[in-house]
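[1] Sharing a model that was predicted from the sequence below.
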Amino acid sequence: MTPDLHLWLIPVLPLIGAAVNGVLGKRFSRQTVVAVALLFSGAAFAMALWVASQFSSLQTPHIETLATWLRAGDFQADFAFYLDQLSLVMLLVVTGVGFLIHIYSVGYMWEEGGFYRFFAYLNLFMFFMLTLVLASNYLVMFIGWEGVGLASYLLIGFWFTKDSAASAGKKAFIVNRIGDFGFLIALFLMIQHFGSLNFTEVGTLWVSPEFGGPPAGVWTWIGLLLMVGAAGKSAQIPLYVWLPDAMEGPTPVSALIHAATMVTAGVYMVSRSHAIFQHAPEAMMVVAIIGTLTALFAATIGMCQTDIKKVLAYSTVSQLGYMFIACGVGAFSAGIFHLMTHAFFKGLLFLAAGSVIHAVGGEQDMRRMGGLRTKIPWTFWTMTAGTFAIAGFPPLAGFFSKDAILWKAYSSPYGSWVYWAIGVFTAFLTSFYMFRQWFLTFFGEYRGEEHAEESHGHGAHGHGGVHESPAVMLVPLVILALLSVCGGWIGSERFDKFLAPVYGFTNGSHSESQEIQPALRELQTRTEENGSETLLTGISVSAALLGFLLAWQLYHRRPQLPARIAASLGGFYQAVLHKYYVDEFYATVFVKPLIDGSTKLLWHGVDRDIIDAGVDDSADGVREVSDTVRHMQSGNIRSYAGWVAAGAAVVIFYMVWMGTR
Amino acid sequence: MVPISYYLILGGILFACGVTGFLIKRNIITIFMAIELMLNGVNLSFVAFAAQWKALSGQVFVFFVMVVAAAEAAVGLAIIIAVYRTRETLNVDRVNLLKL
């Protein structure tokens, strides 16, 4: 008998917070709103910590069923929560980083309108995200999956009076719908072929010897469709376009949803579906290729962005690409490890960027920053920690996780040196654009105006000059900075071991899985050959160092040089600057035909000319007929009687006439 | 024995008188009497046929008609009194509140 941990409380606590703030928040003072929001998200975090402390005494996976949701024939889906090593890691990351960002938001959003609305949405997001990671079947996961999309839409469009924010929210929602479509079809295929959506059953069916399993093509299709869903949520090629635009939302939202947690849901989902992907090597290859391309593609775009948040957005897309490389080569735990460290350092970078934006009064263009190092030292040092961590300098968190992914990309039986080479090149680019941002923001001369009072939705900060953020914003920064520095010291080996039961390697009950998947067992053993690993690590660290030196040369020592290089590159630079014209391409190829088709064919053609016209014509016909007929209804009783008598006379004459024939 | 056609012709004349009265008179009471006249024209045909075919059902029908006519007379006269009290007229053309 396993103890009942009341796992359902973890997602429901933030939901209560969202409901209280959402319904009553308008009448609350700001202090009360903050108290409610922090109390419930903090309670969820505390509960997650308590669950973690109980974890060693549990049998994994620990499943708690609340109620039956659907039952149709043999198929059944329950409201059930699922706790194993993987969901525990996600649980701690989501509640922990989420709670820190709640604290930070108190300072960042203090002077904004709709304060209570912001925290209600934020708590609502926590509810859906926790549902997503704690779900015990794909259907409950789908609730969370859609719910975080909704919360993301609401928060991107938080400043909904601003046109760009409103349309960015819509773009995110619509692009995500495309991915969700793939996910949903994958679920239908699972129901058809497995008769179940439970992780335990979908995951173990292939282990049992008597179960032959569906044909290989089905595994591949399910895998590919799941990847479509993951590409939508986690902003991979070709569906990544929404994430950079999502930066229209408030910065804490970018940190929480669009860097640390929601966008990693795709990685979590692929990792959770490892049993399916292990049966579909083609699908895994597609995952790895998409990840590799996205990592490289987004990193090159990131090099030319001038908006401090856009750089981080493309960097997020690129880092998510790394996680998909890891999943694609079968190193799921390395992907989750990078997910965790990325949540720390990218959350930190976004929050620090928010602190910078706060400091310079709403300015987001790095070309108008500079020299902020001495003016906002806390922000500078924490952001430095984040920058070095993402660039992959040892011994910071990013080094360990990125190194683990690159090594697996090279050494895994599913891997290839191509993934590794592109990965290392991307690491160089990552280091370059991050240090470019670092130098542009914190070094050199201050290039902004002294009272940068203008648009960017954040102009409400009417303080004079550059100033450090309040302590309530700095404390989360410092904690995340510490995590970014130390988070990797767990080491990917230990992390692998911790997650191993999830993926069924060392667990005795899953021994058959090793026979079915010799390649993956080989992966385990080959990880232990450390000879070439040191060399590869050296190469990737020197790539990071090279990126640092190049950025230092270009943006610190000789700041006039980049413009000259840009001019000499000409067309290519223009293409990168305009993000390879992908948005324009999508607009011409998909959006415009859709709008034209909807306007000309569906609206003008079908709706106006057929449906509306049909309704109008029949109404006109009825009116014309009644115009003539209504004179019969004079209201004169005797005229009615006359009609009755005339009618009777007609009937009688007719019958007599018929009778005499 | 009087041939049945005589009765039927008399019934038809009575009915026609009723219809004519119903159509051309404006006084509610006259209209009411015209309706009774039509009913009795029909009643006459019923009893004529009943006598002709030696069947009782025709007679029974007439009883029913007379009972219904009596009930109708009671209700109808009550309505007429009510109408007169509110409208102070018995002219049907001026009882037109429900008209647009």
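    Right, received. Where do you want to start? Worth saying up front: this structure is predicted, and the values here are computed from it rather than measured.

[2] separation between the residue of the stretch 551-661 of chain A found nearest chain B and A:Val656?
    Relative to chain B, the nearest point of the stretch 551-661 of chain A is A:Gly635 (3.7 Å; Cβ to the nearest Cβ). (Glycine included, C-beta is placed from N, CA and C.) The gap separating A:Gly635 from A:Val656 is 33 Å, by Cβ to Cβ, to the nearest Å.

[3] Then A:Leu7 would be within a strand, right?
    No: secondary structure assignment (DSSP: H, G, I helix; E, B strand; the rest coil) places A:Leu7 in coil, not in a strand.

[4] since we're on it, how many residues are nearby?
    Around A:Leu7 there are 24 other residues, counting by other Cβ atoms under 10 Å in any protein chain shown.

[5] For chain B, see how far away it is.
    Computed with Cβ to the nearest Cβ, to the nearest Å, the distance linking A:Leu7 and chain B is 69 Å.

[6] who touches that residue in this structure?
    A:Leu7 makes contacts with A:51, A:64, A:81, A:83, A:134, as judged by Cβ atoms under 8 Å, 6 or more residues apart in numbering or on different chains.

[7] what do you get if the cut-off is 6 Å, keeping everything else the same?
    Listed by Cβ atoms under 6 Å, 6 or more residues apart in numbering or on different chains, the contact set of A:Leu7 reads A:64, A:81, A:134.

[8] where are the low-confidence patches of the chain?
    Answering for chain A, as no chain was given. Counting by pLDDT under 70, chain A contains low-confidence ranges at A:1-2, A:203-213, A:449-464, A:505-531.

[9] right idea, wrong chain: chain B
    Using pLDDT under 70, the flagged stretches of chain B are B:98-100.

[10] Helices of that one, residue ranges please.
    Counting by DSSP state H, the segments of chain B that form helices are B:4-24, B:28-53, B:57-87.

[11] count of neighbours near residue 61?
    No chain in the question, so chain A it is. Residues near A:Pro61, counting by other Cβ under 10 Å: 17.

[12] that's the wrong chain, I wanted chain B
    Applying the criterion other Cβ under 10 Å, we find 16 residues in the vicinity of B:Phe61.

[13] thinking A:Pro244 is in contact with A:Ala313, fair?
    Yes: A:Pro244 is within contact range of A:Ala313, at 4.4 Å (criterion: Cβ atoms under 6 Å).

[14] Pick out the residue in the stretch 301-450 of chain A sitting closest to chain B.
    At 65.6 Å from chain B, A:Gly362 is the closest residue in the stretch 301-450 of chain A, using Cβ to the nearest Cβ.

[15] SS state for that residue?
    Reduced to three states by three-state DSSP, A:Gly362 is coil.

[16] and if you look at the one 10 residues further on?
    Remark: A:Leu372 carries the secondary structure label coil [criterion: three-state DSSP].

[17] Please name the residues that touch the closest residue to it other than its chain neighbours.
    Counting by Cβ to Cβ, 6 or more residues apart in numbering or on different chains, A:Leu372 lies nearest to A:Phe442, which is 5.1 Å off, once chain neighbours are set aside. Contacts here follow Cβ under 6 Å, 6+ apart; on that basis A:Phe442 touches A:372-373, A:380.

[18] and with 8 Å instead?
    Applying Cβ under 8 Å, 6+ apart, the residues contacting A:Phe442 are A:369-373, A:380, A:383-384.

[19] among those, who's most crowded?
    When neighbours are counted as other Cβ under 10 Å, the busiest of the contacts of A:Phe442 turns out to be A:Met383, with 27 neighbours.

[20] burial count for residue 19?
    You didn't say which chain, so I picked chain A. Here the number of neighbours of A:Ala19 (other Cβ under 10 Å) works out to 17.

[21] Switch to chain B, please.
    The number of residues packed around B:Val19, counting by other Cβ under 10 Å, is 21.

[22] In which helix or strand does the residue nearest to it when sequence neighbours are not counted reside?
    Across the structure, with Cβ to Cβ, 6+ apart as the measure, the residue nearest B:Val19 apart from its sequence neighbours is A:Ala645 (5.1 Å). Here A:Ala645, judged by DSSP states H and E, is contained in helix A:637-660.

[23] who's in contact with that helix?
    Residues outside helix A:637-660 that contact it (Cβ under 8 Å, 6+ apart) are A:632, B:19, B:22-24, B:26, B:31, B:92-93.

[24] Buried members of these into ChimeraX, please.
    Command for ChimeraX, covering only those of the contacts of helix A:637-660 found buried under the criterion 16 or more other Cβ atoms under 10 Å in any protein chain shown:
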select /B:19,22,31,92
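
[25] could I get the contacts of helix A:637-660 as CSV with distance to A:Ser333?
    Compiled in CSV, these are given as follows (distance: Cβ to Cβ, whole Å):
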residue, distance to A:Ser333
A:Met632, 85
B:Val19, 100
B:Phe22, 98
B:Leu23, 99
B:Ile24, 103
B:Arg26, 101
B:Ile31, 98
B:Val92, 95
B:Asp93, 96
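
[26] any idea which of the contacts of helix A:637-660 is closest to B:Gly41?
    Each of those was checked against B:Gly41 using Cβ to Cβ; the closest is B:Val19, at 9.2 Å.

[27] Around residue 4, how many other residues sit close by?
    Going with chain A. Applying other Cβ under 10 Å, we find 8 other residues in the vicinity of A:Asp4.

[28] wrong one, chain B
    The burial metric for B:Ile4, expressed as a neighbour count using other Cβ under 10 Å, is 14.

[29] What's the separation between the residue lying closest to it once chain neighbours are set aside and B:Tyr7?
    Spatially, and ignoring its direct neighbours in sequence, B:Ile4 is nearest to B:Gln52 (5.0 Å; Cβ to Cβ, 6+ apart). Note on B:Gln52: its distance to B:Tyr7, by Cβ to Cβ, is 9 Å.

[30] quick one: which of these two has more around it?
    B:Tyr7 (18 against 14).

[31] mind checking how far the more buried one is from chain A?
    Going from B:Tyr7 to chain A by Cβ to the nearest Cβ gives 18 Å.

[32] My guess is that residue contacts B:Asn43. True?
    No: look at B:Tyr7 against B:Asn43 with Cβ atoms under 8 Å: they stay out of range, at 10.8 Å.

[33] where does A:Leu480 fall, phi/psi-wise?
    Here is the backbone geometry of A:Leu480 (degrees, to the nearest 10): phi -70, psi -30.

[34] My read is that it contacts A:Leu349, right?
    No: no contact is recorded between A:Leu480 and A:Leu349 when judged using Cβ under 8 Å, the distance being 9.0 Å.

[35] Now the common contact residues for those two.
    A:Gly386.

[36] Next up, the contacts around B:Leu37.
    Neighbouring residues of B:Leu37 by Cβ under 8 Å, 6+ apart: B:14-15, B:17-18, B:21.

[37] Distance from stretch A:571-584 to the middle of the chain?
    A distance of 24 Å separates the C-alpha centroid of stretch A:571-584 from that of its chain, computed with Cα atoms, centre = their mean, to the nearest Å.

[38] Residues contacting it, please?
    In this structure, residues lying in contact with stretch A:571-584 by Cβ under 8 Å, 6+ apart are A:241, A:244, A:297, A:300-301, A:303-304, A:565-567.
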